[in-house]
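Student: sequence unknown, structure follows:
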DNA sequence: CCGTATCCATTCCGATACTG
DNA sequence: CAGTATCGGAATGGATACGG
């Protein structure tokens, strides 16, 4: 399964995985949610090789998930910032984070929490809910037939 | 950054990505949410090489995300089913799916929706909400200091 | 400071063959 | 059917050197 083939598949999960589903890309996005990032800043934060970072950033910009903008701190250089499309990946990052907090640490181990600024406390126990506020359970869902993306009955 | 190094990192996102953040693993999980899967079933569905599938399944079982259980249809063979730990990855898959539906298809392209059986309609517009029902925005969050996972003040 | 280009080691992946 | 073993090619990753 190559990158090009995955783009033909009708499964939304596979298409998304194809765009952002590798170790470095997801971690770049994690950092990007803190605000616009400089190249060297990302490199230090992630411990990634420069050529790989360059490659991933180019891919994200190409996909319309990141944009380059003038860096805030004087210099003539650029910073990488999320587009609206990129910002909508927030749920993906949050979902990964929450699962990790619950299952990927031993008791007493240190972790870096995400703070909810409206409460000042770590963000916890958020869940996917329908518009009526009810949580969606895996057992309540099933895969449907193929249908056009833009169809009226949604 | 090797697999072993990532397991030392304090970032929950990285730890989760380290366990399930590759193309095949996420797609195996996607299928697993439809119910227990046989080996050959996964292989056909994903178009994955048998040795790779074998490797990924072993990793998921090892991580406690999948278990083997007797296959439903008579045979002496096994099926791979989600554990509770695995079922809690539902939010991750949903988040990937939703983003893909919104951004990874051209208008009119066909996609395979996830049906909400409580309504019979495709699942749409679910969002991460706090316990009070309010949606969490990226701009409302910030990374906190390192702290123990099991600490009281949470 | 921000990347690109190159080299080399490692890993990943798919195809095939083989075993119980 | 459910894997394991092996092999070659492709992609990935890190280090370094180099140019804007």
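Tutor: Structure's in. What do you need? Given the structure is predicted, the values throughout are model-derived calculations rather than measurements. Numbering: from 1, shown residues only, chains lettered A, B, ... in the order given.

Student: how about the strands in chain A?
Tutor: Assigned by DSSP state E, chain A shows strands spanning A:66-70, A:78-82, A:110-111, A:114-116, A:121-122, A:127-129, A:141-143, A:147-148.

Student: smallest distance to DNA strand D belongs to which residue of chain A?
Tutor: Closest residue of chain A to DNA strand D, Cβ to the nearest atom of the strand: residue A:49 (3.4 Å). Where C-beta positions appear, they are placed from N, C-alpha and C, glycine not excepted.

Student: so that residue versus residue A:61, what's the distance?
Tutor: Distance of residue A:49 to residue A:61, given as Cβ to Cβ, to the nearest Å: 18 Å.

Student: my read: residue A:56 touches residue A:28, true?
Tutor: Yes - with contact defined as Cβ atoms under 8 Å, residue A:56 counts as touching residue A:28 (5.9 Å).

Student: residues from chain A in reach of DNA strand C?
Tutor: Those residues of chain A that sit near DNA strand C, judged by Cβ under 7 Å from any atom of the strand, are A:1, A:38-41, A:50-51, A:54, A:57-58, A:68, A:71, A:75, A:77-78.

Student: ok, residue A:49 and residue A:61, which is more surrounded?
Tutor: Neighbour comparison, residue A:49 and residue A:61: the larger count goes to residue A:61, with 15 against 12 (by other Cβ atoms under 10 Å in any protein chain shown).

Student: neighbouring contacts of stretch A:42-58?
Tutor: If you take Cβ atoms under 8 Å, 6 or more residues apart in numbering or on different chains as the criterion, stretch A:42-58 is touched by A:22, A:24, A:25, A:27, A:28, A:31, A:37, A:39, A:66, A:80, B:1.

Student: quick check: helices, which of these are part of them?
Tutor: Among the contacts of stretch A:42-58, DSSP state H puts A:24, A:25, A:27, A:28, A:31, A:39 in helices.

Student: now residue A:140, nearest residue through space, not along the chain?
Tutor: Excluding its sequence neighbours, the residue lying closest to residue A:140 (Cβ to Cβ, 6 or more residues apart in numbering or on different chains) is residue B:117, at 5.2 Å.

Student: lowest-pLDDT helix or strand in chain A?
Tutor: In chain A, no helix or strand scores lower on mean pLDDT, DSSP states H and E than helix A:3-6, which sits at a mean of 62.

Student: how many other residues sit next to the spatially closest residue to residue A:69 that is not a sequence neighbour?
Tutor: Counting by Cβ to Cβ, 6+ apart, residue A:81 is the residue found nearest to residue A:69 once chain neighbours are left out, at 5.2 Å. A count of nearby residues for residue A:81, using other Cβ under 10 Å, gives 17.

Student: partner residues bridging residue A:81?
Tutor: For residue A:81, the beta-bridge assignment (DSSP bridges) gives partners residue A:67.

Student: do you know the pLDDT at it?
Tutor: On pLDDT, residue A:81 comes in at 96.

Student: wait, it sits on residue A:66?
Tutor: Yes - using Cβ under 8 Å, residue A:81 is in contact with residue A:66, at 6.6 Å.

Student: where does pLDDT dip in chain A?
Tutor: Applying pLDDT under 70 to chain A picks out residues A:1-7, A:74, A:125, A:151-154.

Student: report the buried residues of stretch A:10-19.
Tutor: For stretch A:10-19, a neighbour-count test (16 or more other Cβ atoms under 10 Å in any protein chain shown) marks A:11, A:12, A:13, A:14, A:15, A:16, A:17, A:18, A:19 as buried.

Student: which ones among the residues you listed also lie next to chain B?
Tutor: By Cβ under 8 Å from any Cβ of the partner chain, the members of the buried residues of stretch A:10-19 lying near chain B are A:11, A:12, A:13, A:14, A:15, A:16, A:17, A:18, A:19.

Student: now do the contacts for the last one.
Tutor: With Cβ under 8 Å, 6+ apart as the criterion, the residues that contact residue A:19 are A:25, A:59, A:63, A:65, B:104.
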